[in-house]
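Enquirer: Need a 3D model of the sequence below.
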Amino acid sequence: MGKREEFEKIIKRKGIGLLIAGLFVILSTLVTDAVYYFSKKDYTKDAVALADAKTGDFAYVDVSIMSDYFATNDYTGVDHKTYFVWDEKYIYIVDLNDKNREDLNPVYDYSYSEDENAVAPEAKRIYGMVKSIPSDLKKIAIDSYNEMKGEKVLNLTNFKDYLGTVYMDTFETPNNDIISTLSVSVIFFVIGGLLIIAFVCVKARTKKNMKKVEEKWDTILNELDSSDCFHYKKASLYITKNYLISYAAGLELYDYKDIVWIYPHEYRYNGSLSQKSMMIVLKDSKTKKLATVSASKKNLNMFDEMYESLLNKMPDVLSGYTKENKDKAKQLYQK
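Expert: Reported below is the predicted structural model:
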């Protein structure tokens, strides 16, 4: 395939970016549908009794007696309060959110009532995610339980026998993962949208610049077939007899007669060279950045070759970024 055919194929290509953009939008839609489905799912049907639960389970406990909170903690700015609760058989440690705490008011009032004739309320079922009891909570629970009993009943040795190895966090449910999943959907949608916008901008820029050189188009295409045309794929650049042609972000064509100054520009990260670009300054004083390449040895050698090739096409152009060239360029700008 000749350079001309290759070039025509490049500027007419449908754009892999548009296909990728479509895939991101489709993924966003699928993830959003999945989030909607799982947000409506009733996880309470699959909950297991806390007495039989293990870390990571979604569990329930029917609370018939409860203590006041004995510990507090702060997860991501949300105040958690930790309680002892009892069902008909066992005692457990739970973190109660505000709604569950409010629903348990009758149980709490009964638990601390001094009325011997008080009627026990119906046990209240609460749900949450099961987690391993951390060591700091375990120590607080031991001290609080012993203080509640008025004697040293509980210790690290028998802790498992009394309170097991897990606690239940009612702040979390299986739906908690939906928020993070939804954020992934939003990210996919934004990426897809940005890719579509980029594609539209590239196609619009190409169409606009082709129209500018409509009368010279056949000449440009013929120059692409000439033996003195150079194509640098990694830099997305053609150097013909009279034109500098870039297709990195939509088609850009520059007549050498309109270029007054060129110079390389280096990008450094922590002192090390990371990228290199070719800057051109036009007669209208506009500066354009072209042919950005990563700073591998092979790419830098190619960049130097490309830069020299362009200088050979424009022997009178200002070359290199210096104060002297900056001042001279101002004199060449069209008024």
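Enquirer: Give me the most central residue, this structure.
Expert: residue 187 (6.2 Å; C-alpha atoms, centre = their mean).
Enquirer: Quick check: buried residues in the helix or strand harbouring that residue?
Expert: Assigned by DSSP states H and E, residue 187 belongs to helix 176-212. Neighbour-count burial for helix 176-212 flags 178, 181-182, 185, 188-189, 191-192, 195-196, 198-199, 202-203, 206, 209 (criterion: 16 or more other C-beta atoms under 10 Å). From N, CA and C alone the C-beta is placed, and that goes for glycine too.
Enquirer: ok, how many other residues are close to the nearest residue to residue 86 once chain neighbours are set aside?
Expert: Of all residues not flanking residue 86 in the chain, residue 65 sits nearest, at 4.1 Å (C-beta to C-beta, 6 or more residues apart in numbering). Using other C-beta atoms under 10 Å, residue 65 has 17 neighbouring residues.
Enquirer: Pull up the per-residue confidence for residue 65.
Expert: In this model, residue 65 is scored at 95, pLDDT.
Enquirer: after the worst-scoring helix or strand of the chain on mean pLDDT comes which helix or strand?
Expert: The helix or strand of the chain with the poorest confidence is helix 16-40; it has a mean of 65 (mean pLDDT, DSSP states H and E). Toward the C-terminus, helix 16-40 is succeeded by strand 48-49 as the next helix or strand (DSSP H and E).
Enquirer: So residue 155, which state does it fall into?
Expert: With DSSP: H, G, I helix; E, B strand; the rest coil as the basis, the three-state label of residue 155 is coil.
Enquirer: returning to that earlier point: now for the helix holding residue 187, which elements pack on it?
Expert: For helix 176-212, the packing partners by 3 or more C-beta pairs under 8 Å, 6 or more residues apart in numbering; DSSP states H and E come out as helix 16-40, strand 252-255.
Enquirer: List the contacts of the nearest residue to residue 230 once chain neighbours are set aside.
Expert: Leaving aside its chain neighbours, residue 230 sits nearest to residue 239 (4.5 Å; criterion: C-beta to C-beta, 6+ apart). Listed by C-beta atoms under 8 Å, 6 or more residues apart in numbering, the contact set of residue 239 reads 229, 230, 232, 245, 306, 309, 310, 313.
Enquirer: 6 Å - rerun?
Expert: Residues counted as contacts of residue 239 (C-beta atoms under 6 Å, 6 or more residues apart in numbering) are 230, 309, 310.
Enquirer: who's it bridged to?
Expert: residue 230, residue 244 (DSSP bridges).
Enquirer: Dump stretch 235-249 to PDB, restricted to CA.
Expert: Extracted C-alpha coordinates of stretch 235-249, given in PDB (Å, rounded to 0.1, in the frame of the first residue of the first chain):
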ATOM      1  CA  ALA A 235       4.400  10.500  15.700                       C
ATOM      2  CA  SER A 236       1.300  10.400  13.400                       C
ATOM      3  CA  LEU A 237       3.100  12.700  11.000                       C
ATOM      4  CA  TYR A 238       3.800  13.000   7.300                       C
ATOM      5  CA  ILE A 239       6.400  15.300   5.900                       C
ATOM      6  CA  THR A 240       5.900  16.000   2.200                       C
ATOM      7  CA  LYS A 241       7.600  18.300  -0.200                       C
ATOM      8  CA  ASN A 242       5.500  21.400   0.800                       C
ATOM      9  CA  TYR A 243       3.300  20.200   3.700                       C
ATOM     10  CA  LEU A 244       3.500  19.100   7.200                       C
ATOM     11  CA  ILE A 245       0.600  16.700   7.900                       C
ATOM     12  CA  SER A 246      -0.500  15.500  11.400                       C
ATOM     13  CA  TYR A 247      -3.300  13.100  12.100                       C
ATOM     14  CA  ALA A 248      -2.800  12.500  15.800                       C
ATOM     15  CA  ALA A 249      -6.000  14.300  16.800                       C
END
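Enquirer: tell me which residues of that stretch are tucked away?
Expert: Neighbour-count burial for stretch 235-249 flags 235, 236, 237, 238, 239, 240, 243, 244, 245, 246, 247 (criterion: 16+ other C-beta under 10 Å).
Enquirer: From residue 227, how far off is the spatially closest residue to the fourth one that is not a sequence neighbour?
Expert: It stands for residue 238. Nearest non-adjacent residue to residue 238, counting by C-beta to C-beta, 6+ apart: residue 245, 4.0 Å away. Counting by C-beta to C-beta, to the nearest Å, the separation of residue 245 from residue 227 is 17 Å.
Enquirer: again with residue 316
Expert: Using C-beta to C-beta, residue 316 is found at 23 Å from residue 227.
Enquirer: Partner strands of the stretch of helix or strand residue 274 belongs to, with direction?
Expert: Assigned by DSSP H and E, residue 274 belongs to strand 272-282. Counting by DSSP bridges, the strands paired with strand 272-282 are strand 259-269 (antiparallel), strand 287-294 (antiparallel).
Enquirer: give the contact list for residue 55.
Expert: 130, 132, 166.
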